[in-house]
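what would the 3D arrangement of this be:
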Amino acid sequence: MKKQVKTFYNIEKDKKELYTKVVKSEKISVREIHDLEVTNVYWRSPDGELWLNPDNPMENSKNSFSVYRQRKGYLQPEEIRAVREKTGISLNKFAELIGIGKSSLSLIENNLRVQSKEQDSLFKLIKAEVERTENLESLTFHHVSS
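Numbers count the residues shown, from 1 in each chain. Got it, this is the predicted structure:
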């Protein structure tokens, strides 16, 4: 396999340097699971230090979240977004419908946050209803205020 190298600007040294791609299998923790096996990507500087990808610093976290969702049997972000988009409902309205903040839903759909078990159950319920009827008209949500 050919070694991958890329030039990045190192702000600490105020210069561009050549970095080498490093792919590592690692065991990581996400929430209550402490043995998730993931493949993470780093870039090694000329002095041997490993860095996250400056062009995509959330790459490893997003990968870890996806592996966690897979282990838990949760819907992936693209599935959640596809269900919402199929209904034609805006992010704001969809978040209101299921009782979460629009920023929380946006973070979940962009794989920057993992949904809770309860949220995933709602997403699955909505997905099943949309697959069955092509809309959400038959679903009724009752929010309980404290």
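
and the residue nearest the centre of this structure?
N111 (1.8 Å; CA atoms, centre = their mean).

confirm that one sits in a helix?
No - counting by DSSP: H, G, I helix; E, B strand; the rest coil, N111 is not part of a helix but coil.

so what does the nearest residue to K21 once chain neighbours are set aside look like in phi/psi?
The shortest distance from K21 to any non-neighbouring residue, by CB to CB, 6 or more residues apart in numbering, is to Q4 (3.9 Å). C-beta coordinates here come from the backbone N, C-alpha and C atoms, glycine included. Here is the backbone geometry of Q4 (degrees, to the nearest 10): phi -100, psi 130.

my guess is Q4 meets V22, correct?
No - Q4 is beyond contact range of V22, at 9.3 Å (criterion: CB atoms under 8 Å).

okay, buried residues for the helix or strand A128 falls within please.
A128 belongs to helix 117-133 when assigned by DSSP states H and E. Judged by neighbour count using 16 or more other CB atoms under 10 Å, the buried positions of helix 117-133 are 119-120, 122-124, 126-127, 129-130.

what's the closest of those residues to V38?
D120 (20.0 Å; CB to CB).

how many residues are close by S25?
Using other CB atoms under 10 Å, S25 has 8 neighbouring residues.

so what's the backbone phi/psi at it?
phi -80, psi 130.

bridging residues for it?
T39 (DSSP bridges).

contacting residues around it?
37-39 (CB atoms under 8 Å, 6 or more residues apart in numbering).

now these in a markdown table, with neighbour count and distance to E79?
Converted to a markdown table, the contacts of S25 look like this (neighbours: other CB atoms under 10 Å; distance: CB to CB, whole Å):
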| residue | neighbour count | distance to E79 |
| --- | --- | --- |
| E37 | 10 | 22 |
| V38 | 18 | 20 |
| T39 | 11 | 22 |
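
what does the helix holding A128 rub up against?
72, 74-75, 79-80, 83, 86-87, 98, 100, 108, 115, 136, 138-139.

perfect, I'm done here.
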